[in-house]
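[1] got a sequence here, can you model it:
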Amino acid sequence: RGLLLNVPAGTHASLSSILQRIRRLFDLDADSNVIDAHLSRDRRLAPLVAASPGLRVPGAWDGFETAVRAILGQQVSVERARRLAENNLIERCGEGGFPEADGLARSAPGSLGIPGKRWLAIRGLARAVADGAIDLNEGADLQELTDRLMALPGVGPWTAGYVGMRVAKDPDAFPDGDWAVLGTLGATPGAARRLAMTWRPWRAYAVMHLWSSPPLTGASDRVQSAGET
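    The predicted structure follows:
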């Protein structure tokens, strides 16, 4: 298996910078042998690792877009979150692409047709990113990022954990309130945290395996914690 990268002629970014972002996006620098061996020590994860060896944690091409999509995905299906992003953000505000933080920060409430609490969370995030209060670049400090995200109204532990996995690329990020994780483990968030202690420092990879396993009936289209709105 391999990746084939086509870079259009006239691309302004340097090839080296593009390659660096691609490596992070596809998690190509992860040592899968070490990670798989560690996670396979757990009897719950061993069959999942055997079924999907080398499973990686995808990064984010654009940290702000990934964080906004995570907020859009709170308490709705993946498909519904995708439609909200495409129909309500990109078409109305994006001018052919995903809106920039400063543009969303200036948008009027209700102008994009996004439910109230989620819109307030998105606008708060956009303002914080535009002002430089939140760093959503690759390699952002996980604890600082988590604290600042959690300080925004409407942003809870699931969203912060998901952004930690995808944007900060922390290999130990763990959204312990995720429905699919709890359903696969048959555990409460507290029990999930205790179970996951032996997975450290690779909890994000364990989450990927749990997400790839068959979910509980009725939970297959859920993407976040029941505690966030």
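
[2] leaving out sequence neighbours, find the closest residue to the residue nearest the centre of the chain.
    Central residue of the chain (Cα atoms, centre = their mean): residue 162, 3.7 Å from the mean position. In space, and not counting its chain neighbours, residue 162 is closest to residue 70: 4.9 Å by Cβ to Cβ, 6 or more residues apart in numbering. For glycine as for every other residue, the C-beta is placed from the backbone atoms N, C-alpha and C.

[3] got the phi and psi for the closest residue in space to residue 141 that isn't next to it in sequence?
    Distances taken as Cβ to Cβ, 6+ apart put residue 168 closest to residue 141, at 7.3 Å, once the chain neighbours are dropped. Torsion angles at residue 168 (phi, psi; degrees, to the nearest 10) stand at phi -70, psi -20.

[4] before we move on, back to that, tell me which element the residue nearest to the centre of the chain is part of?
    Element membership of residue 162 [criterion: DSSP states H and E] is helix 157-166.

[5] just give the number of residues close to residue 83.
    Other residues near residue 83 come to 13 when the count uses other Cβ atoms under 10 Å.

[6] contacts only, for it.
    Going by Cβ atoms under 8 Å, 6 or more residues apart in numbering, residue 83 touches no other residue.

[7] the longest helix anywhere in the chain: which residues count as buried?
    Counting residues, the longest helix found in the chain (DSSP state H) is helix 116-130. For helix 116-130, the buried set under the neighbour-count rule, 16 or more other Cβ atoms under 10 Å, comprises 118-130.

[8] for stretch 16-32, same thing?
    21, 24, 25, 27, 30.

[9] not counting sequence-adjacent ones, nearest residue to the first one?
    Leaving aside its sequence neighbours, residue 21 sits nearest to residue 61 (Cβ to Cβ, 6+ apart; 6.6 Å).

[10] pLDDT score assigned to that neighbour?
    On the pLDDT scale, residue 61 is placed at 87.

[11] would it count as being in a helix?
    No - the assignment for residue 61, made by DSSP: H, G, I helix; E, B strand; the rest coil, is coil rather than a helix.

[12] identify the residues contacting whichever strand or helix holds residue 71?
    Assigned by DSSP H and E, residue 71 falls within helix 63-72. Residues outside helix 63-72 that contact it (Cβ under 8 Å, 6+ apart): 60, 81, 84-85, 89, 98, 100-101, 104, 114, 118, 121-122, 125-126, 129, 136-138, 140, 149, 154-155, 159, 162-163, 166-167, 224.

[13] if you set the cut-off to 6 Å instead, what comes out?
    Residues outside helix 63-72 that contact it (Cβ atoms under 6 Å, 6 or more residues apart in numbering) are 60, 81, 84-85, 98, 101, 118, 121-122, 129, 136-137, 159, 162-163, 166-167.

[14] same deal with stretch 28-45?
    Counting by Cβ under 6 Å, 6+ apart, 23, 46, 49, 53, 54, 56, 202, 205, 206, 209 sit against stretch 28-45.

[15] for it, buried residues please.
    30, 35, 36, 38, 39, 42, 44, 45.

[16] so which of these sits lowest on pLDDT?
    Lowest in pLDDT among these is residue 44, which has 91.

[17] that residue and residue 176: what is the separation?
    15 Å (Cβ to Cβ, to the nearest Å).

[18] where does this protein dip in pLDDT?
    Regions of the chain meeting the criterion pLDDT under 70 cover residues 1, 75-78, 81, 87-88, 91-94, 96, 108-113, 115, 214-229.

[19] make JSON lines from the buried residues of stretch 16-32 and add distance to residue 195 to it.
    As requested, these are exported to JSON lines (distance: Cβ to Cβ, whole Å):
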{"residue": "21", "distance to residue 195": "34"}
{"residue": "24", "distance to residue 195": "28"}
{"residue": "25", "distance to residue 195": "29"}
{"residue": "27", "distance to residue 195": "23"}
{"residue": "30", "distance to residue 195": "22"}
